[in-house]
Structures are given as structure tokens and as C-alpha cells.
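A.B. asks: Okay, here's the prediction I keep looking at, along with the sequence it came from:
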Amino acid sequence: MTQSFLPYGRQQIDDEDVAAVAEALRDPFITAGPGVEAFEAVFADAVGAPYAVAFANGTGALHGAAAAAGLGPGDEMLTTPISFVASSNCALFVGARPRFADVDAAANLDIPAAIEHGLADGVRVVLPVSLAGLPVDLEPLQPLRDRGVIVIEDGCHALGGRRRAEPVGAGGLADMTVFSLHPVKAMTTGEGGVVTTADEALADALRTFRTHGMRRRSDPDDVLLGGWHYDIDRLGFNYRITDVQCALGRSQLRRLPQWVKRRNEIADRYHEVLDNVDGLRLPARARDGEVHGYHLFVVRFTEGAARRRFMFDHLREAGIGTQLHYIPIPLHGLYRDIGFGPEAMGALPEAQAYYEQALSLPIFPAMTDADVDRVAAEIRRLLSRPVDARQVDAAGT
């Protein structure tokens, strides 16, 4: 009997989610109305942040955070080469230039290297990514904040995770934290993003930026400044999220803790059944007292690029969805055109090694232990097979 295809990630929608959306569609406000503020309030409470500002998508949220930080032409933003391009594109969106530091053994930003780079002239923002959901250690970056550097955490993978004594996004160690609510993330609004912060001025700047840069102002002593009046005194964008999306988000948020718990259970199962397999390196676990978000479960095939290509192709043939997260940002054509490319990777050896070995295995809350065992059995079977010369030639390095 042919087994069904097992994707690497998948959203989970129940009847209560559907009912919440249906109710929102019957409301007079279906775009940016009171449902947005209600969602922002419960989201902020869930992560322990004073302020949460919702956006149409995670990329818009990153763009807004870069703008709110005051990043602009002549500035640099230090970030990781291993992430989706939106993590560094947000610097380009505001006319700044990205700079890349290498990653550590867990594939998060190498903080000592980041500190060294961050002390250089021109670095205004450091943007570390909690890759795959593993909370990046932000404590060593605090001296940079004391020098005026803004820390924006890309927590798009880490919603529901915990760092030391607080949830990711609470605002104690980063000026802003950005989340994505794409369907394969910890929870979803269909498309969506949120920025959390403890800084009221940053929250105000984020709200203004997502709505064309619009500010409302009236004056009872000026007949031209009635209740209709608004002013646009800075460039903003239309990144508004809708009440309908936020209704789904409020419904989804109630199950976030149990979903993160299940993701961790699945990760524990993978560690149990794939521990000490030759040629396979399992991802780093969270530090004691912390909680991994496990948006992704990224393994590394230590034989290198040819073996990784072989595993990708044959796992998919076996009905198991895998993906590479991610092609290093400096290797994309856009970044080659602005002076990065393969030469830049020479200074990023850990990122290059990760790129040649990494592959994401399926992980989402609806997976069963039997699904995990199926993936593990297929990995063991495929690792026992040699990679033939044709596959090596096709994959290269």
C-alpha cells in the first residue's frame, strides 16, 4: 500500500478556527478594525510583551522594524547568512547595507563574531535569527545596546519558545522581536506578522509605518483640521492585517502552547530513534530551562553535499517532504550583484559547511510517532546505500 505524502510542515485548522473567521466576516469591520487591536492585545499577553503590532506578513514586519530602528542609507545591519532572504532584505528596503557574520555550531549567529563586527563603524542594527526555533543567546549583545546599537530578533521560527526566564518576544533582551504567522509556522493567520517591543515609541513608529506613514490630527481652533484630518510626514507602506486574519489568529493562539509542546515531543522522538547514526548530525537542543520552538527539525548529513542531494531526492521519492533551510543569503543573485557571492562565503566557513549538509525533516503538531519512525527508518535505509558517481557529479559541492 502506498503511503501518503508527509510534508515537512503543515498548518492545523479546526472547526473553532472556521467559526471564528465566519463570525469575523459577518462583522461590519473586515479589514483593519477592532479585531486587529484585540489580536495584538492577546498576542502581547501570550509572549509577555508590553506592545505587539500586527502586519500583513512577516516580511512587512521586518521592514517595519528596520524602519522603526531608524536604519537608512549609510548604515549597516549585521545579520546571519543562514536565513530566508527577508531577514537581510529588510536592510535593503530602507537603503542600508547588510553585513554577515558566521554562524555557530547550532547554525545561529556566532555572537562573539557579531560583537566584533557590531563594534565597527556604521553598524546600527544587529539582527540575529533564532533559526529553526532555537532561541539565539542575546545576552552577549547587551553591551552593543548600551552603545546605541538596536537589536532586532528575527523570531519568526521561535514563537512559543522561551529564553532563560522569559518567552521569546518579551522584550527584555531585544529592542524588537519579529514573528511570522505563515501557515507552516507555530500558528497562522494565513499570512501575517507581528513585532513585539517594550518601547512605546517604537510601537508607535511601527503602527504608523504599516499604515502609509499616516498620523491623525485635529484642532478645534482650526477649521481645516477637523476630525477628518490626517497627515503623512514620513514614508510608510500598506502593511495592514485584516480583522478576518486576526480572528483566525486569536483562535489559533489558544492552542499555541500545546502545539509547541507537541513539536518538542516529536523532536525528542527523532533524537531517540536517530541518535548515534553514522553520517547524521542531529540539531542542537535548547539550553536547560529554555524551550525550543522547533519550527524546523534540521539534520546534517556529514558526508557532504552529494549525500545531502541523494537524501533529498530519495526521501521525496519515498513520500517524505524535505527542504533546505536555507541557501546562504550571500549566494543569491541579488546579493551577488551588490558585491557578495561565493567569495563572501570564504569568510563564513561554518555557514558554508551547514549549506552543504543541512536538510529539514517533517515536523508539525499533527504528526504521529509512527510518522517519525517512518522518516527515521527511511533515513537509516538510505544512509546504508552508497552515493554513486553519477549522483556525486550531479550534486557537486
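C.D. replies: That came through fine. Note that this is a predicted model, so its numbers are computed, not measured. Numbers count the residues shown, from 1 in each chain.

A.B. asks: and H63, that one's in a helix?
C.D. replies: Yes. The assignment for H63 (DSSP: H, G, I helix; E, B strand; the rest coil) places it in a helix.

A.B. asks: And it, how far from L109?
C.D. replies: The spacing between H63 and L109, counted by C-beta to C-beta, to the nearest Å, is 20 Å. C-beta here means a position set from N, CA and C on the backbone, and glycine is covered the same way.

A.B. asks: Please apply the same query to A174.
C.D. replies: Between A174 and L109 the distance is 12 Å, computed by C-beta to C-beta.

A.B. asks: E191 now?
C.D. replies: The spacing between E191 and L109, counted by C-beta to C-beta, is 26 Å.

A.B. asks: who's more crowded, those two?
C.D. replies: Taking E191 and L109 together and counting by other C-beta atoms under 10 Å, L109 has the greater number of neighbours (31 against 18).

A.B. asks: Bridged to the more buried one, which residues?
C.D. replies: Using DSSP bridges, the beta-bridge partners of L109 come out as V103.

A.B. asks: just checking, it touches V136?
C.D. replies: Yes. L109 sits in contact with V136 when judged by C-beta atoms under 8 Å, with a separation of 6.0 Å.

A.B. asks: Mutual contacts of the two, please.
C.D. replies: 128-129 (C-beta atoms under 8 Å, 6 or more residues apart in numbering).

A.B. asks: Quick check: G35 is in a helix.
C.D. replies: Yes. Secondary structure assignment (three-state DSSP) places G35 inside a helix.

A.B. asks: what about the helices in the stretch 251-397 of the chain?
C.D. replies: Counting by DSSP state H, counting those that start in this stretch, the segments of the stretch 251-397 of the chain that form helices are 256-274, 305-317, 333-336, 342-345, 349-357, 369-383, 389-395.

A.B. asks: tell me what the helix or strand encompassing T208 is packed against?
C.D. replies: Under the criterion of DSSP states H and E, T208 resides in helix 200-209. Taking 3 or more C-beta pairs under 8 Å, 6 or more residues apart in numbering; DSSP states H and E as the contact definition, the neighbouring helices and strands of helix 200-209 are strand 51-55, helix 58-68, strand 193-197.

A.B. asks: For the second one, name the packing helices and strands.
C.D. replies: Under the contact criterion of 3+ C-beta pairs under 8 Å, 6+ apart, helix 58-68 touches strand 51-55, helix 86-93, strand 150-154, strand 176-180, strand 193-197, helix 200-209.

A.B. asks: so of the ones you listed, which one's packed in deepest?
C.D. replies: For these, ranked by mean neighbour count under the definition mean count of other C-beta atoms under 10 Å, the leader is strand 176-180 at a mean of 31.

A.B. asks: Just the C-alpha atoms of that strand, please, in CSV.
C.D. replies: What follows is the C-alpha trace of strand 176-180 in CSV, where atoms were taken according to Å, rounded to 0.1, in the frame of the first residue of the first chain:
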residue,chain,number,x,y,z
MET,A,176,12.1,44.4,18.8
THR,A,177,11.2,40.8,18.0
VAL,A,178,9.7,39.9,14.7
PHE,A,179,7.3,36.9,14.2
SER,A,180,5.9,35.3,11.1
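
A.B. asks: Centre of the chain to it, how far?
C.D. replies: Mean-position distance between strand 176-180 and its chain equals 8 Å (C-alpha atoms, centre = their mean, to the nearest Å).

A.B. asks: same deal with stretch 231-238?
C.D. replies: The gap between the average C-alpha position of stretch 231-238 and the chain average comes to 26 Å, counting by C-alpha atoms, centre = their mean.

A.B. asks: Can you give me the first-to-last residue distance of it?
C.D. replies: End-to-end distance of stretch 231-238 (C-alpha to C-alpha, to the nearest Å): 15 Å.

A.B. asks: ok, residues contacting it?
C.D. replies: Counting contacts by C-beta under 8 Å, 6+ apart, the residues outside stretch 231-238 that touch it are 56, 60, 63-64, 208-217.
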